[in-house]
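[1] Sequence first, predicted model second:
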Amino acid sequence: MARSKNAQVAVDLYDHLLEEYKWDTNTAWRGIAILLLSCEVWDHGWQAFHNSIVYRERNDFQALKKGGLNIVLQRADKLSDFLANELGVPRTALCQTIAMYWHQPSIAVYQPHNLVGHAFRSLIVAILQRFGDPGISYSEEVNPYDEFPGFDFTTRSKKAKLDIVARRGTKTVALMSARWRIRHDRVDVVEEALAYAAPAHRHNPDCRLYAIVGEFAPDRLDKILANCPPLHPHAPLNATVHFEPRLITEGLGENGRLKFLRSLAWLIGETYQW
């Protein structure tokens with residue numbers, strides 16, 4: 001399926017930023033942060049919030065009754081400090097630096113939940129195309145019934161789509177599910193991997209399956225990581241990739257199982273092994 005007009009806006013903005021900042025494999029993630037992260041919340045338009053990155057649902061950002069900040073707000077401030085340092089901007093300028101995609105006149109009028117997933121997916125593809133193995137081609141929103149004819153995906157909708165399909169020549173070498181956020185009640189990327197692994201490996205025994213996320217909540221990330229090596233002996237997913245895990249491990253101060261999150265730079269390197 002052709003990339004949507006609004007997702008192309010995000011990719012075009014990324015290309016302009018790349019020309020300015022000259023990012024490399026290790027810093028390519030910064031464009032995603034600048035474009036998609038925000039200090040604002042949507043309420044019939046973008047509204048100022050707590051002057052820190054809104055990395056969870058707004059209801060989690062509640063001030064303590066006796067004053068001060070709850071743990072979510074404390075971590076939001078710490079995350080914002082970390083990102084400002086990474087981007088090389090003053091902390092006081094961070095909220096004016098990020099959310100560039102949402103501030104575009106053609107985008108600002110729309111509810112972000114309808115756009116962010118498509119923008120995130122297309123940005124991942126654009127970055128892999130720019131920095132990954134040039135011998136790999138990518139398609140977005142691919143019909144699994146066309147990609148793997150003859151298979152009946154009984155657990156998937158008839159309108160299901162594979163977010164990203166990577167091919168070397170005519171061989172499918174990787175399937176990627178891209179999610180900006182993960183629903184707390186259902187981890188669909190795992191269900192997708194279970195549904196598509198068998199036909200993908202019938203087509204190519206070495207085909208890789210990845211979840212690529214922008215989620216920050218450790219409990220939700222744990223649910224995906226539990227279905228990846230080394231935590232799962234027969235994992236349906238090869239890895240969970242966060243566009244920059246250090247935002248979580250260093251920015252939020254989370255660790256534990258999250259040490260198994262892979263980075264976008266790691267995924268770029270993987271393309272040369274497909």
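    All right, it came through fine. Numbers count the residues shown, from 1 in each chain.

[2] where does this structure have low pLDDT?
    Counting by pLDDT under 70, the chain contains low-confidence ranges at 1, 63-69, 155, 184-186.

[3] any chance you could map the strands in it?
    Along the chain, counting by DSSP state E, strands occupy 40-42, 46-48, 136-142, 162-168, 171-179, 208-213, 239-242, 262-263.

[4] what about the longest one, distance to the chain center?
    On the basis of C-alpha atoms, centre = their mean, to the nearest Å, strand 171-179 is displaced by 13 Å from the centre of the chain it belongs to.

[5] Now it: buried residues?
    T172, V173, A174, L175, M176, S177, A178, R179 (16 or more other C-beta atoms under 10 Å). In this view, the C-beta of every residue, glycine as well, is placed from N, C-alpha and C.

[6] do the same with the third one
    Residues of strand 136-142 classed as buried under the neighbour-count rule (16+ other C-beta under 10 Å) are I136, Y138, S139, E140, E141, V142.

[7] before we move on, the earlier item: compile the strands of the chain into CSV and extend it with columns for distance to G150.
    Listed next are the strands of the chain as CSV, based on distance: least, C-beta to C-beta, whole Å:
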stretch, distance to G150
strand 40-42, 43
strand 46-48, 47
strand 136-142, 16
strand 162-168, 16
strand 171-179, 14
strand 208-213, 19
strand 239-242, 28
strand 262-263, 32
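
[8] closest to S4 out of those?
    Of all these, strand 136-142 sits nearest to S4, with 9.0 Å by C-beta to C-beta.

[9] So which elements touch that closest one?
    helix 116-131, strand 162-168 (3 or more C-beta pairs under 8 Å, 6 or more residues apart in numbering; DSSP states H and E).

[10] switch to 6 Å and redo it
    strand 162-168 (3 or more C-beta pairs under 6 Å, 6 or more residues apart in numbering; DSSP states H and E).

[11] Next, the angle strand 208-213 makes with the strand it packs on.
    Relative orientation of strand 162-168 and strand 208-213, computed by axes from the mean of the first three to the mean of the last three C-alpha atoms, to 10 degrees: 140 degrees.

[12] Can I get stretch 101-113 as PDB, trimmed to CA atoms?
    The C-alpha trace of stretch 101-113 is given here as PDB (Å, rounded to 0.1, in the frame of the first residue of the first chain):
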ATOM      1  CA  TYR A 101       5.500  17.000  13.300                       C
ATOM      2  CA  TRP A 102       2.500  18.000  15.400                       C
ATOM      3  CA  HIS A 103       3.100  21.700  14.900                       C
ATOM      4  CA  GLN A 104       2.800  21.500  11.100                       C
ATOM      5  CA  PRO A 105      -0.300  23.400  10.000                       C
ATOM      6  CA  SER A 106      -1.500  20.400   7.900                       C
ATOM      7  CA  ILE A 107      -1.100  18.100  10.800                       C
ATOM      8  CA  ALA A 108      -2.000  20.200  13.900                       C
ATOM      9  CA  VAL A 109      -5.700  20.100  13.200                       C
ATOM     10  CA  TYR A 110      -5.900  16.300  13.500                       C
ATOM     11  CA  GLN A 111      -6.200  14.000  16.500                       C
ATOM     12  CA  PRO A 112      -2.700  12.600  16.900                       C
ATOM     13  CA  HIS A 113      -3.700   9.000  17.700                       C
END
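
[13] ok, and for it, which residues are buried?
    Using 16+ other C-beta under 10 Å as the test for burial, stretch 101-113 gives Y101, W102, Q104, I107, P112.

[14] do you know how far L261 is from N6?
    28 Å (C-beta to C-beta, to the nearest Å).

[15] repeat for L128
    Separation of L128 from N6 (C-beta to C-beta) stands at 20 Å.

[16] Tell me which of these two has more neighbours.
    Neighbour count, other C-beta atoms under 10 Å: between L128 and N6, L128 has more, with 23 against 17.

[17] Would you mind listing the residues in contact with V165?
    S139, V142 (C-beta atoms under 6 Å, 6 or more residues apart in numbering).
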